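>>> Coordinates for the following, if possible.
(one chain, ligands or ions: 1)
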Amino acid sequence: MLIKKVNGSPARTRIGAFGAIAGATMDRRAFLKRSGIAVGGIAAVSALPFVTVQKAEAATARPTGPVTLKRNICTHCSVGCTVHAEVVNGIWVGQEPAWDSPINLGTHCAKGAATRELVHGDRRIRYPMKLENGQWKRLSWDQAINEIGDKLLDIRQKSGADSVYWLGSAKFTNEGAYIVRKFAAFWGTNHVDHQARICHSTTVAGVANTVGFGAMTNSYNDISNSKAIMFMGSNAAEAHPVSLQHILRGKETNRAPVIVVDPRFTRTAAHATEYVRIRPGTDIPFIWGLLWHVFKNGWEDKEYIRQRVFGFEEARKEIDKWDPKEVELVVGVKEDQMKRVAETMAKTKPSTLIWCMGVTQKTVGTANVRALSTFQLALGNVGKSGAGLNIFRGHTNVQGATDIGLDNTSLPHYYIVALEGSWRHWARVWDVDFDWLKARFDTHDGKSMMTVNGTTSTRWFDLVTAEKKDLEQKDNVKAMVFWGHGGNTVVRMPEMKKAMDDETKLPLVVIIDPHPTSTAVVHDRKNGIYLLPACTSYEMDGSRTASNRSIQWGEQIVPPIFESKNDYDITYLLARKLGFADRMFKNIEVKDGKPVAESILKEMNKGALSTGYSGQSPERLKEHMAHQADFDRDSLIATKGPLKGEYYGMPWPCWGPASAKHPGSPILYNNSLHVKDGGGAFRARFGVAYQGRNLLAEGSYSKDSELKDGYPEFNYGVLKKLGWDKDLTETELATINRIGGATPDAVSWATDLSFGIIRVAMAHGCQAMGNSKARVFAFGLPDPVPIHREPIYTVREDLVAKYPALADRRAYRLPHLGKSVQDRAIKEGIPKKFPIILSSGRLVEYEGGGEETRSNKWLAELQQDMFVEINVADAAARGIADGDWVWVSGAENASKARVKALVTERVGKGVAWMPFHFAGWWQGADFRARYPKGTDPVVLGESVNALTTYGFDAVTHMQETKCTVCQIEAIKKA
Ligand code: SF4
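Model (predicted):
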């Protein structure tokens, strides 16, 4: 991490300083040397001093003229570091990590430090293209939009609206996510999704079904207040490097123990005071094993559980099964270490629990998340500073894009598509006729598809290749739009490739991205792909939501380079071609053919009641960016200046409208504060009782609440019963009556466009979403109390009978197999043929599918080969030496990949690990020549998902990337 050496912002003087060093050219070798990095070594540092990057760039022809300073947000992860850019004559000439950002405190990691290359790099798509007879052909934007639009309309007419899939992106700004979600609704399909599906969809479902909202409860900064810190399946040192400065502050200033639970000894584990190696796929028995010690020793928070948690009676029955002997058999951890970890977390409070994709990307991902939440609830560790369920999201705006409903099950802000009321709410916000909107959707088996969940991004290709009779929609998918989403991050690539290869089944593929993704090349088709150059979010205005729910406004640093366009403009062009732009942009300002970001956010603010995204107007967000230095680095509260008392980025919920000046909620469910000051309680979203048992909080309420007990969600009827309806203004009442028609009492706080119900509840110290217990017995979900299930592909045959996968079922318009695949694998002897567990994850140098970062020469230098980590004993048994080329083969589709071996003790015996950022090779063949000229990433390699297998979470269809099986063999040297 870069440590600030001088006070004040150096940005204003640095341009002058460039003049002084003109001629002090630093080439790549010098840059690497000065940065202390071994060329190509994976032992490279996890953070680079920023200034060296800039100086290396400073040597080339430098424009002269006045310097403009701009602020935007790093696009590479959810930490939300501010990038301070210097622009001269429309060229981004320099950058710094913002010194006054309370989030990054003047630091960047390697990716942030090299991010300017993302804009000014030379490997971007420069103009629209299409693949014709195997050749990439240049098009104008008009030609491209016309041809794509005509093909889409033709497919719609012949096969229906559901035959087009719109796959969006966590790279979108909030406004981009909103406009693309709205676009899909106006097109008339729920086939829309984004990267949250493959990183934290199970977190969202698991946490929302336990405590109310699908989000991190505290902030990165607040971890500095923790007295004990436990990571599970999170390698923050590589995935969220700058977050570590807050975590290490907690470790050092509070002498907080740091426990890292992971099958792999990661760079995060290198910071641990206690490392626990578990067998992949045993998160639930590990957590139940800890709770076995907690309950046996009476370390649970009994009063907290009595007041605020429902269902421990049921949960205890499962926990009691996990005595030390069974835990050691299944998880592989001994009793003394389990007891020590449980005692540390229980007695050194507040203690926090951090998790990432090591927990979520599983066939039991949602259940895993519920188990982890149960652990923290047992210790009374939710709703308090230094405690919490701290879920580190991946991409820069994956939290925002999730909240805004780039999702096959929800409209913006978790209004679920299955309820007609959700559509009526947004139709009112959008000012369109509900019946017109409904008519945009297909009808299938006599039912409107408007209220039927779409299919997830993990399975889009099954919609192409499945028999029509097996689908619950009119026809197969015939067109796939990848808008900021690569293909190599999704499992079962051989089957994806099969769908891509078939031009008759999938006649149209549209890729909208700054870089050609693996989808542009990893297939054998010759026609029917369009590449549209989208700009990066540095080239547009708009807001992003960091993992801690703070929203930050990014300014356009430079206009879109080459012929690229931003997501707003592309959406508008497509909507115009498809014939619904006038309706869709009715209340959004469009200036010179370009939708205005601020105007998009204002429309969203009007309808985003359910999550409290209504108070963060563009004006308020810009003020926060301008006064970053006024916010405290631990609590995120402004301690001085015009925003005093507000929290940085107004973490949602920020109960609106903006004029209410709600400060944001830095810690969810924190009842030590007044709701007006950012306090709250668990959300009452599961009713008031279950089989006669109370679900509402008992004797627990937020500060100064006039209701000294639990209470249900507010609607107009509840206000009337309390006699608080008199507090509504005439205008508010008129709006409620207009929305409610014959049944105004049913108008809820989440659909009251006047904000009156929220305002009145808050004036009485109550939160409009109710005050409930969290539930650790999640009735309505598969396995209401999480139970251990062996991975579908496991090497532990001995455990399958006792802990089988879930039975086969149907979901998201498709068959969803579980037990039958597991049984078949055992029958076919897969555990013997593929005896090594294969897991995958992230590197500090790269991000996501990797096209952006592998095209960045500064980052590409750091990791040039795709590799597999293999344990020393497994390597020795196979005659494999470190650095050898090996074949890794997978259990389905005769899959194989040619990669380098990294022989290491990081992984245990019988476990292998591969990064997921590589693409461009396929089964040993290099596809570099297939990229449009000049756009091939610097580094190519095999994709781990060429080897991954079937297996999806029962609730969200999250893919299994952490527990499949493989075999590894040396490639004989010639
Ligand atoms: Fe910060 Fe993440 Fe960007 Fe690194 S990648 S600079 S940690 S936002």
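>>> Just the pLDDT for residue 47.
We have a pLDDT of 36 for residue 47.
>>> Could you look up the SS state of the residue in the stretch 151-300 of the chain positioned nearest to the ligand?
Per CB to the nearest ligand atom, residue 242 is where the stretch 151-300 of the chain lies closest to the ligand, at 3.5 Å. All C-beta atoms are positioned from the backbone trio N, CA, C, and that covers glycine. Taking DSSP: H, G, I helix; E, B strand; the rest coil as the rule, one finds residue 242 in the helix state.
>>> Around the ligand, pick out the residues from the protein.
Within the chain, the positions near the ligand by CB under 6 Å from any ligand atom are 74, 76-77, 79-81, 104, 108-109, 111-112, 240-242.
>>> Make TSV out of the residues you listed and add pLDDT.
Listed next are these as TSV, based on pLDDT from 0 to 100:
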residue	pLDDT
74	96
76	94
77	94
79	96
80	96
81	97
104	95
108	95
109	95
111	95
112	95
240	95
241	95
242	95
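>>> And those, which is closest to the ligand?
residue 112 (2.2 Å).
>>> isn't there a strand covering that closest one?
No. Applying three-state DSSP, one finds residue 112 to be helix, outside a strand.
>>> In this structure it contacts residue 76, no?
Yes. Contact criterion CB atoms under 8 Å: residue 112 and residue 76 qualify, at 6.4 Å.
>>> so who does the residue in the stretch 251-400 of the chain that the ligand sits nearest to touch?
At 6.6 Å from the ligand, residue 396 is the closest residue in the stretch 251-400 of the chain, using CB to the nearest ligand atom. Residues counted as contacts of residue 396 (CB atoms under 8 Å, 6 or more residues apart in numbering) are 73, 74, 75, 76, 77, 78, 80, 170, 171, 537, 544.
>>> and residue 935, what is it in contact with?
Taking CB under 8 Å, 6+ apart as the test, what residue 935 contacts is 123, 124, 125, 515, 516.
>>> Any regions of this structure where pLDDT drops low?
For the chain, residues meeting the criterion pLDDT under 70 lie at 1-61, 974.
>>> Try it again at 90.
Residue ranges of the chain with pLDDT under 90: 1-65, 90, 120-121, 196, 198-201, 203-205, 394-396, 656, 972-974.
>>> in the lengthiest helix in it, what counts as buried?
Assignment by DSSP state H gives helix 141-159 as the longest helix of the chain. Residues of helix 141-159 classed as buried by neighbour count (16 or more other CB atoms under 10 Å): 141, 144, 145, 147, 148, 149, 151, 152, 155, 156, 159.
>>> Stretch 626-645 too?
Quick answer for stretch 626-645 (16+ other CB under 10 Å): 627, 628, 630, 631, 634, 635, 636, 637, 638, 643.
>>> Could you pull up phi and psi at residue 543?
phi -110, psi 160 (degrees, to the nearest 10).
>>> Just give me the neighbour total for the closest residue to it other than its chain neighbours.
The shortest distance from residue 543 to any non-neighbouring residue, by CB to CB, 6 or more residues apart in numbering, is to residue 174 (4.6 Å). Neighbours of residue 174 under the rule other CB atoms under 10 Å: 29.
>>> In this structure residue 174 contacts residue 402, no?
No. With contacts counted by CB under 8 Å, residue 174 stays clear of residue 402, the gap being 10.7 Å.
>>> Any figure for the gap between the residue of the stretch 151-300 of the chain closest to the ligand and residue 414?
Between residue 242 and residue 414 the distance, using CB to CB, to the nearest Å, works out to 29 Å.
>>> These two: which is more packed in?
residue 242 (27 against 22).
>>> who's in contact with the more buried one?
1, 47, 79, 81, 103, 104, 107, 108, 109, 112.
>>> Among those residues, which one has the most neighbours?
Of the contacts of residue 242, with other CB under 10 Å as the count, residue 109 tops at 32 neighbours.
>>> Need phi/psi at the closest residue in space to residue 635 that isn't next to it in sequence.
What sits nearest to residue 635 in space, not counting adjacent residues and going by CB to CB, 6+ apart, is residue 666, at 6.7 Å. Torsion angles at residue 666 (phi, psi; degrees, to the nearest 10) stand at phi -70, psi -30.
>>> neighbours of residue 666, just the number please.
The burial count for residue 666: 25, using other CB under 10 Å.
>>> How about the one 4 residues further on?
Neighbouring residues of residue 670 were enumerated by other CB under 10 Å; the total is 24.
>>> Same list (the contacts of residue 396) but as TSV, adding secondary structure.
TSV is the format used below for those (three-state DSSP):
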residue	secondary structure
73	strand
74	coil
75	coil
76	coil
77	coil
78	coil
80	coil
170	coil
171	coil
537	helix
544	strand
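>>> Could you identify which of these has the most neighbours?
Top of these by neighbour count (other CB under 10 Å): residue 544, with 32 neighbours.
>>> Spell out which residues sit in contact with it, please.
Contacts of residue 544 (CB under 8 Å, 6+ apart): 73, 80, 173, 174, 396, 397, 400, 537, 551, 552, 554.
>>> I'd like the distance from the third one to residue 556, if you could.
Distance check for residue 173 against residue 556: by CB to CB, it reads 11 Å.
>>> Also residue 398?
Distance from residue 398 to residue 556, by CB to CB: 22 Å.
>>> Compare these two and say which is more crowded by neighbours.
residue 398 (27 against 18).
>>> closest to residue 429 among the buried residues of stretch 626-645?
Looking at the buried residues of stretch 626-645 and their distance to residue 429, the nearest is residue 643, at 28.0 Å (CB to CB).
>>> So the closest one is in contact with residue 621, correct?
No. Using CB under 8 Å, residue 643 makes no contact with residue 621, being 11.2 Å away.
>>> what is in contact with residue 173 and residue 556 at once?
Joint contacts of residue 173 and residue 556 (CB under 8 Å, 6+ apart) are 540, 541.
>>> Can you tell me the closest non-neighbouring residue to residue 249?
Using CB to CB, 6+ apart, the closest residue to residue 249 is residue 224 (4.2 Å).
>>> related to what we said a few turns ago, how about the residue nearest to residue 543, what does it touch?
Residues in contact with residue 174 (CB under 8 Å, 6+ apart) are 397, 400, 401, 403, 404, 542, 543, 544, 545, 551, 601, 604.
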